[in-house]
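A.B. asks: have a look; sequence and predicted model below, questions after that.
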Amino acid sequence: MSSVMSLYRRFVVLVSGKLLEGLALLFTRVALAGVFWRSGRTKVEDGSLLDITDTTYFLFENEYSRVPLPTDLSVHMATYSEHLFPILLVLGLATRLSALALLGMTLVIQFFVYPDAWWSVHLLWVAMAGILISRGAGAISLDSLFCRMRRV
């Protein structure tokens, strides 16, 4: 029994290191960023950076009409947020703020757009955002690099 416990303790030490935690947080950042980046890209014209499509306006006026903001404002906020915050997450820059913004978007989507998607989708997004808000970007990030540079 003690050899099993010893083996388990060595395993815990191995997986608790900064490198593996940094990799796990990097994958979490990329996963959450990917969800919102892909959504943001569906809102703009193919081949453009941020030219919002007529279809996006139509969706916000009709399917997403329960969002308690003016359509023009919500279209722009969603489109720009779904481009900016994923980039920041992948870079690991302002990670907690970016994850908090995407958590806010997730909650708006949950309550006002797709209230039946909690168990199938939104719970996972909330979990990923919560991890990043509480743990930060990890060692493999610009946040970590800037923090180390300030200490020198």
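C.D. replies: Everything's here; your move. Numbers count the residues shown, from 1 in each chain.

A.B. asks: in the chain, which residue is closest to the centre?
C.D. replies: With distances taken as C-alpha atoms, centre = their mean, residue 32 lies nearest the centre of the chain, 3.7 Å away.

A.B. asks: element containing it?
C.D. replies: Here residue 32, judged by DSSP states H and E, is contained in helix 18-42.

A.B. asks: ok, now residue 58?
C.D. replies: Counting by DSSP H and E, residue 58 is part of helix 54-61.

A.B. asks: got it, and residue 47?
C.D. replies: Using DSSP H and E, no helix or strand contains residue 47.

A.B. asks: ramachandran coordinates for it?
C.D. replies: Per-residue torsions, residue 47: phi 80, psi -10 (degrees, to the nearest 10).

A.B. asks: any idea of the pLDDT on it?
C.D. replies: Looking at residue 47, its pLDDT is 92.

A.B. asks: swap in residue 15?
C.D. replies: pLDDT, residue 15: 85.

A.B. asks: neighbours of it, how many?
C.D. replies: 11 (other C-beta atoms under 10 Å). Bear in mind the C-beta positions are built from the backbone N, C-alpha and C, glycine included.

A.B. asks: need the contact list for it.
C.D. replies: Neighbouring residues of residue 15 by C-beta atoms under 8 Å, 6 or more residues apart in numbering: there are none.
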